[in-house]
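Student: requesting a structural model of the entry that follows:
(chains A and B)
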Amino acid sequence: MAEKIGVYFDLANIGGGVDVQNLADEAVKKWGDLIALTKLVPSLASSVDEIRADIDAQKLDGVLLCGASPRVDNDLYRFPVQVDYVNLREQCILSYKNPDGSPYLASDTAPAALQGLALDYVQMGVAKLQKSNVPDSAAITTTPRILVLGGGWTGLTAADEAASMGYDVVLVEKAGQLGGAVLNMPETSPLGPLWEDKVPTNLADKIAKVTSNRKITVYLNAQMAKLEGQPGEYVAHIATQGGEKTENIGTVILATGWVPLDNKYLEPMGLGKSPKVVTAAEFAKMLVSQSTLPKRVAFVLDTTMAEDAWKQKAEEEAKAAAEAAEAAKEEPKKEGEEAEEAAFVKNDLESFKHLQYSNAVNSIGMLRLANSICEKTNDSSQAFILYKNMTVPGILERFYKKMQDRLGVMMTKADVTGIRESGDHMVVECKNTLLGMDFDLDVDLVVLPTGLVPTTAKEVTVQFSYRQGPEFPDLELFDGYADSNYICFPYETRRTGVYAAGCVRQPLTLDACEVDAKGAVLKAVQCLEAASRGVAVHPRALDNSYPVFNFVRCTQCKRCTEECPFGALDDDEKGTPKPNPARCRRCGTCFGACPERVISFANYNIDQIGSMIRQVQVPPNFKEGGPRVLILACENDAYPALDMAGMRRKTWSPYCRIIPVRCLGSVNAIWISDAMSKGFDGVMLLGCKYGDDYQCHFVKGSEICNRRMQNIAETLNRLGVQPERVEQLEVAIDEYDKVPEMIDGFVTRITALGPNPFKGM
Amino acid sequence: MSNAILVVGGGFSGLTAAIEAAELGHDVYIVEKSPWLGGRVAQLNKYFPKLCPPSCGLEIQFQRIRKNPLIHCLTMAQVVGLSGSKGNYTVRVRLEPRRTPPHNVDFTFMASALDGEVESEFDLGLGKRKALYKAMPFAYPARYVLDTAALSKADMARLAGKAQLDFDEKAREIDVQVGSIVIATGWKPYDVTRLSNLGAGSVKNCISNMQLERLASPFGPTQGKIVRPTDGATPHTVAFVQCAGSRDQNHLNYCSYICCMATLKHCLYFAEQHPDTQITVFYIDLRAPGRYVKVLEKVQALPNVHFVKGKVANVVQAAGDRCEIQAEDAIRGEKLTLTYDMVVLATGMQPTLATEKLPLPVPVDADGFIAGGEEAGIFAAGCCAMPLDVTRSAQSGTAAALKAVQTVKGR
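Tutor: I've put the predicted structure just below:
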């Protein structure tokens, strides 16, 4: 609660003829002693020392900086007290146009509408700071130990790297020995510069490095039974042959890798029908164990035959399922049939698509195997690589050239349309080849690629003991891979403190698995350290606020525990939420969900935004003073887009008042009621795109907000307010040229609706 | 001994390495050659596969920087000298004069009054910029640059005596102490003037894929309208030439990783803006690794996009500023001569270090990619080590941060 605030006006950034002294005077008139001083400074950036001196001399506990957007230069204003900003430049003066829509030509005296707009923003700024507190620390005593799930190439790398960072490591491997898929790979594509030749994997050395490291504890024949708690103080229950073991750990690296795609998916290409059709994995074993090798081998990378067959099957199944669902809908539900909460069932997400997604690792792997057989037989064997697209992207082109440059290796693009046995050999039918003709290729052996199915598609790997269930959400969206939906932030998942790496995330070559493992270790260490300091991880890294619950008024409605995008809240048998601050990303979706308003952050809370709304001067007469529209704008993308619009001299209706929110997920319906009782005529919720390609920084915030719109509409209807007065609009950060039109369109619709029936009451 | 880290290059890999290390508690110095952070990513309109705007991710990175006092950004800066050894380096950094204040000033009005113009480096020659400029709206730092060389005589008079501009500012050199170094000097689009058979940059309306990004960008030279540079007309027929320089031992002896996906993304730009435009993609292989296959399938299903496997031999000017392509259909064995309204060369990435030298003890290979340095506490991140897309650059940057932190931890 700031109680002694200094308000500074940056004259260099407040133009437009706004009477700044009047803003200062009005603020003092309104807030009295709360405002210890107001200053009009020629340039805020040059006044940092002066502000610091004022803080000391006047014992200020809050500083309000009025001028440019808070997104600009805020690195200059690091003071030991609470700091907030009033955006008078981008989102007030530069974006101002006259109420009649005509452009405002700068003058010495701002029109009343602009002066009023600026004053509203200043008063809202004071209210915000007044209702803001310095958060207590949520620091916990953490266990400096990292759990690595999976002892394959990625897991071994991660364990070694985490130990090198000085952390203890617990490595859990499902099989009886370490090594995973690489146990069958004596050689691999290059692991480093110059990226040309295949190299030995030297797996034994890598394993020895881990097993000889005293910081690393290895459990074999083991898997997760349960992970409970939160980052920094997790308890891992590990099922081993000797019974369940528990380990205190800080964070988790998921490196459980992949399993080969079921052979049935390759049946359309002849697998299982003839011993002369084998998978790449079987061929690799043959290379090691057999002394006589086949003379002519076809490596078939074009998997269209299998894909088409399974695609058709999938379509038929989908159609049948849709029909069944339609039939089921017609039968009325019997009473009591709606179970309280469905028990968790793991969907098997394995499909033929995993064959397609493994295109790059297969192209690279087949090249290596083709080269190997020619090398072993001194080119007395011939290897034919039949491909649709050789997917060897990037630097591995050098490896491609080197492998191909072998007498016995022949390559052509080909549509492989049939694979059949004929006498003692196999026939591969090839169409649309580079040889200018279709042909049948006679070979002794056909080698088919492998699909890398992530373990997460088949089973529950981590076994979260979370209110929201034992599994990662969104796995369907990623076809079963434990991936991130962010392009820029590949390690971010919806389970804080658990970082996936390697082929469980996407099919990767071993060099890329190593890079991925290192990155995951950094994130795991960072999360552990963040928990020990009580601060958030991405995207609000270093934020030390966290949600605080006033349990006395909690009605156990469970909305917060259900809606948290990160599963941060558990609950007890009664349904009382149990917060886990170290899992929390500080988006505020929980308090947006709470009908009793029992959740708050010290520096961001229901009362604070409500107070800001109440600071706006709403003219009693709609016809004379115009409507008032509240815009709750997501501070991540919508707010910067509005800044840019202002900077580019795009303007919007002066009847709008913008309040930034952490995420649309944090919007509580009470703010809309507050706005309506204050006399606002409309509320616009401006946030990120949602759906499969969501851009929400908190994954689900804008989508959840959209789902709540239904309830809000019902509430408004009950109050006798048209639900059309509240709209959610999606905007991307680069749609700054479009957003003013979106705002003006909404204001036009509100104006047409006429005044809010509560106005003036 | 120092536990600070130097990051050379403020593109996506460098930013990632710097921020991740700083969030672990290390002082980090970012040395960026250009006036703003963001690198090549800042020039892009959208990312594949989601078609989301890169400025969204950059904004998050910039927020993380603003909130973290451990990150020190040195822009218009270059490493000019190094002494010491692993764990204890002294790096000399040269800072070019910016000539504007060390905080944000809205120069929009002052800049618009200037008449001197030069070709915009940021828009890759498709537009002009003033002497007082900020290349992108989301620029970080949000500060203008005064490029005195671009001022006209009249501009000189206009700006004379403006208190906020410092015409006398000189370049200066500073020393920073660090324990380890991340190199993230990135890439540049391969110089099309070297592709003489593909018009060497002289065929009108034959542009590069990065130029197309600028055309499609809302803050590009056409405010996002994809049009022919010569006449602003909608191109009704467009050809994409894949591997323009890549996979070619006379040019780039590797695959540039992103160009196939970039072209598929560009097809989606067209489908949105000009759905009737007929597109032909000439390719050697369509490389859509992993789940990117879904983008390939989506584009292959578009009715107006056609794929021809075969190399383009020549691009020459045709009447009406159109472009004539001679190509081979490798499947049918036919020679094709076709004319298009516009041609896009899917030019590859060349590591910056192929043509520029860093005064740091790191070996580079024949193509200019970094091939070592770890034993000296120097780690490569992103496209200075190999061609990568943004996601893998972020992984690479995070991994490099780990190695850099391991080197200085406990010092």
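Student: switch to C-alpha atoms for all contacts and neighbour counts from now on
Tutor: OK.
Student: quick one: the helices in the stretch 251-400 of chain B?
Tutor: Along the stretch 251-400 of chain B, the stretches classed as helices by DSSP state H, counting those that start in this stretch are B:259-273, B:293-300, B:390-408.
Student: of all these, which lies closest to chain A?
Tutor: helix B:390-408 (4.1 Å; C-alpha to the nearest C-alpha).
Student: can you tell me the residue of the stretch 1-150 of chain B closest to chain A?
Tutor: Going by C-alpha to the nearest C-alpha, chain A is nearest to B:Arg66 of the stretch 1-150 of chain B, at 5.0 Å.
Student: if we can go back for a sec, what's the most buried one of the helices of the stretch 251-400 of chain B?
Tutor: Burial of the helices of the stretch 251-400 of chain B is given as mean neighbour count (mean count of other C-alpha atoms under 10 Å in any protein chain shown); helix B:390-408 ranks first at a mean of 27.
Student: that helix - contacts with which helices or strands?
Tutor: Contacts defined by 3 or more C-alpha pairs under 8 Å, 6 or more residues apart in numbering or on different chains; DSSP states H and E place helix B:390-408 against helix A:510-533, strand B:5-8, helix B:12-22, strand B:180-183, strand B:378-380.
Student: got the CA coordinates for that helix in CSV?
Tutor: These are the backbone C-alpha positions of helix B:390-408, laid out as CSV (Å, rounded to 0.1, in the frame of the first residue of the first chain):
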residue,chain,number,x,y,z
VAL,B,390,14.4,-20.1,-34.8
THR,B,391,13.4,-22.9,-32.5
ARG,B,392,16.7,-24.7,-32.9
SER,B,393,18.6,-21.4,-32.6
ALA,B,394,16.8,-20.9,-29.2
GLN,B,395,17.9,-24.5,-28.2
SER,B,396,21.4,-23.8,-29.3
GLY,B,397,21.5,-20.4,-27.5
THR,B,398,20.3,-22.0,-24.3
ALA,B,399,22.8,-24.8,-24.6
ALA,B,400,25.6,-22.3,-25.2
ALA,B,401,24.5,-20.4,-22.1
LEU,B,402,24.9,-23.6,-20.1
LYS,B,403,28.4,-24.2,-21.3
ALA,B,404,29.4,-20.5,-20.7
VAL,B,405,27.9,-20.6,-17.2
GLN,B,406,29.7,-23.9,-16.4
THR,B,407,33.0,-22.2,-17.4
VAL,B,408,32.6,-19.3,-15.0
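Student: doesn't B:Glu375 make contact with B:Ile181?
Tutor: No. Here B:Ile181 does not reach B:Glu375: they are 11.4 Å apart, not a contact under C-alpha atoms under 8 Å.
Student: of the two, give the one with the bigger neighbour count.
Tutor: The neighbour comparison of B:Ile181 against B:Glu375 (other C-alpha atoms under 10 Å in any protein chain shown) goes to B:Ile181, with 32 against 10.
Student: and that one, how far from A:Ile51?
Tutor: 37 Å (C-alpha to C-alpha, to the nearest Å).
Student: write out the residues of the stretch 351-500 of chain A neighbouring chain B.
Tutor: A:356-360, A:388-398, A:432-436, A:487-491 (C-alpha under 8 Å from any C-alpha of the partner chain).
Student: swap in 6 Å and give it another go.
Tutor: Residues of the stretch 351-500 of chain A lying close to chain B by C-alpha under 6 Å from any C-alpha of the partner chain are A:357-358, A:360, A:389, A:391, A:393-395, A:397, A:432-434, A:487-488.
Student: ok, back up a step: how near is the residue of the stretch 1-150 of chain B closest to chain A to A:Gln695?
Tutor: According to C-alpha to C-alpha, B:Arg66 stands 22 Å off from A:Gln695.
Student: neighbour count winner among the two?
Tutor: A:Gln695 (28 against 20).
Student: I'd assumed A:Gly687 was in contact with the more buried one.
Tutor: No. In this structure, A:Gln695 is not within contact of A:Gly687 by C-alpha atoms under 6 Å, at 9.3 Å.
Student: residue 312: how many residues sit nearby?
Tutor: Picked chain A for this. By other C-alpha under 10 Å, the residues close to A:Gln312 number 11.
Student: meant chain B, my bad for not saying
Tutor: Applying other C-alpha under 10 Å, I find that B:Val312 has 24 neighbouring residues.
Student: for the nearest residue to it once chain neighbours are set aside, name its beta-bridge partners.
Tutor: Closest residue to B:Val312 apart from its sequence neighbours, by C-alpha to C-alpha, 6 or more residues apart in numbering or on different chains: B:Ala327 at 4.2 Å. With DSSP bridges applied, B:Ala327 shows beta-bridge pairing to B:Val312, B:Leu336.
Student: gap between B:Ala327 and B:Ala239?
Tutor: Taken as C-alpha to C-alpha, the span from B:Ala327 to B:Ala239 is 11 Å.
Student: of the two, who's got more company?
Tutor: Using other C-alpha under 10 Å as the criterion, B:Ala327 and B:Ala239 rank with B:Ala239 on top: 25 against 21.
Student: wait, what's in contact with the residue of the stretch 1-150 of chain B closest to chain A?
Tutor: B:Arg66 makes contact with A:Asp75, according to C-alpha atoms under 6 Å, 6 or more residues apart in numbering or on different chains.
Student: got phi/psi on it?
Tutor: Per-residue torsions, B:Arg66: phi -60, psi -30 (degrees, to the nearest 10).
Student: just the pLDDT for it.
Tutor: We note a pLDDT of 95 for B:Arg66 in this prediction.
Student: cool, and A:Ser137?
Tutor: Looking at A:Ser137, its pLDDT is 89.
Student: that one - nearest residue in space that isn't next to it in sequence?
Tutor: The shortest distance from A:Ser137 to any non-neighbouring residue, by C-alpha to C-alpha, 6+ apart, is to A:Gly534 (5.9 Å).
Student: what of B:Thr16?
Tutor: B:Thr16 sits nearest to B:Gly397 (C-alpha to C-alpha, 6+ apart), 5.4 Å away.
Student: and A:Pro470, by the same measure?
Tutor: Excluding its sequence neighbours, the residue lying closest to A:Pro470 (C-alpha to C-alpha, 6+ apart) is A:Phe464, at 4.1 Å.
Student: same question, A:Asp607
Tutor: Nearest to A:Asp607 is A:Lys131, by C-alpha to C-alpha, 6+ apart, at 7.4 Å.
Student: that neighbour and A:Asp108, how far apart?
Tutor: Computed with C-alpha to C-alpha, the distance linking A:Lys131 and A:Asp108 is 35 Å.
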